[in-house]
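Trainee: Have a look; sequence and predicted model below, questions after that.
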Amino acid sequence: MHRICVATGDAGNSATAILRDPRLMAYVFAEPYLLLQPELVFVAEWRGTVFGYAVAALNSAEFYARWQLEWAPRFAGSHPASRRVDPHDADDELRSCLHHPRRMLSIDLDAYPSHLHINLLARARGQGVGRRLLDAVFTDLARAGSPGVQLGVRASNTGAQEFYRATGMTRLPSDGGLAVRFGRPLNTSRAPVRENGPSVRHGPR
């Protein structure tokens with residue numbers, strides 16, 4: 001997953017061209033989900049080789065609160081946050097997210113409290129793999145009681161936006177960030193969703 005996240009982190013292309021430390025991409029968008037929400041991690045593999053994955057958080061606010069306590073401290077020495085974040089420096093931005101994950105909280109959390117990320121290597125695209133990964137995420141989030149899930153995608157990544165529309169997601173109002181947001185309702189119930197609630201299905205994948 002780390003390898004795929006770095007290889008696809010720049011709107012589907014390698015993040016090595018935009019980051020001095022490409023590992024930051026995976027430290028923010030892949031690996032914390034393995035620690036904090038492993039029951040919502042899905043991978044696509046063929047003959048032992050993983051070529052895509054999807055990860056999700058059931059309750060984004062609670063997920064980032066746990067991240068602050070359990071994930072961010074691991075990088076205090078190796079990847080400290082900058083005192084002043086340069087908005088034009090991708091490494092600075094990712095280090096800030098690593099240590100202050102609540103920056104990534106979006107709006108519409110009542111309707112879309114969950115969020116997800118999906119990454120596929122180029123050779124796996126256009127074959128239905130991404131749709132199957134998203135279907136698995138949607139199914140488990142709905143089973144866990146989430147009323148809706150959202151994600152962000154770079155405005156220039158029009159191919160990904162078309163893919164999300166094809167999987168039943170719709171564009172959401174902007175929250176002022178650089179990404180375009182998409183969401184999908186999952187349940188009609190609007191009962192509060194708790195990350196460690198009894199409806200979450202745990203177990204090996």
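Mentor: Received the coordinates, thanks.

Trainee: what element comes up after the longest strand seen in the chain heading to the C-terminus?
Mentor: Taking DSSP state E as the criterion, the chain has its longest strand at strand 49-57. Next helix or strand after strand 49-57 toward the C-terminus (DSSP states H and E): helix 60-70.

Trainee: Next, the angle strand 49-57 makes with that following helix.
Mentor: Put simply, helix 60-70 runs at 110 degrees to strand 49-57, going by axes from the mean of the first three to the mean of the last three C-alpha atoms, to 10 degrees.

Trainee: roughly how far is helix 60-70 from the heart of the chain?
Mentor: Put simply, helix 60-70 sits 13 Å off its chain's centre (C-alpha atoms, centre = their mean, to the nearest Å).

Trainee: got the buried residues for stretch 123-139?
Mentor: Within stretch 123-139, the residues scored as buried using 16 or more other C-beta atoms under 10 Å are 124, 125, 129, 130, 133, 134, 136, 137, 138. From N, CA and C alone the C-beta is placed, and that goes for glycine too.

Trainee: Quick one: mark the members of the residues you listed that sit in helices.
Mentor: If you go by DSSP state H, the buried residues of stretch 123-139 have 129, 130, 133, 134, 136, 137, 138 in helices.

Trainee: Not counting sequence-adjacent ones, nearest residue to the first one?
Mentor: Which is residue 129. Nearest residue to residue 129, sequence neighbours excluded (C-beta to C-beta, 6 or more residues apart in numbering): residue 44, at 4.9 Å.

Trainee: Can you spell out which helices and strands pack onto the one helix or strand the one you found maps to?
Mentor: Element membership for residue 44 (DSSP H and E) is strand 41-46. Packed against strand 41-46, as judged by 3 or more C-beta pairs under 8 Å, 6 or more residues apart in numbering; DSSP states H and E, are the following elements: strand 49-57, helix 129-143.

Trainee: thinking again about what came up before, and the gap between the residue nearest to residue 129 and residue 139?
Mentor: Distance of residue 44 to residue 139, computed by C-beta to C-beta, to the nearest Å: 15 Å.

Trainee: correct me, but residue 7 touches residue 17?
Mentor: No. The pair residue 7 / residue 17 is not scored as a contact, 11.4 Å apart, by C-beta atoms under 8 Å.
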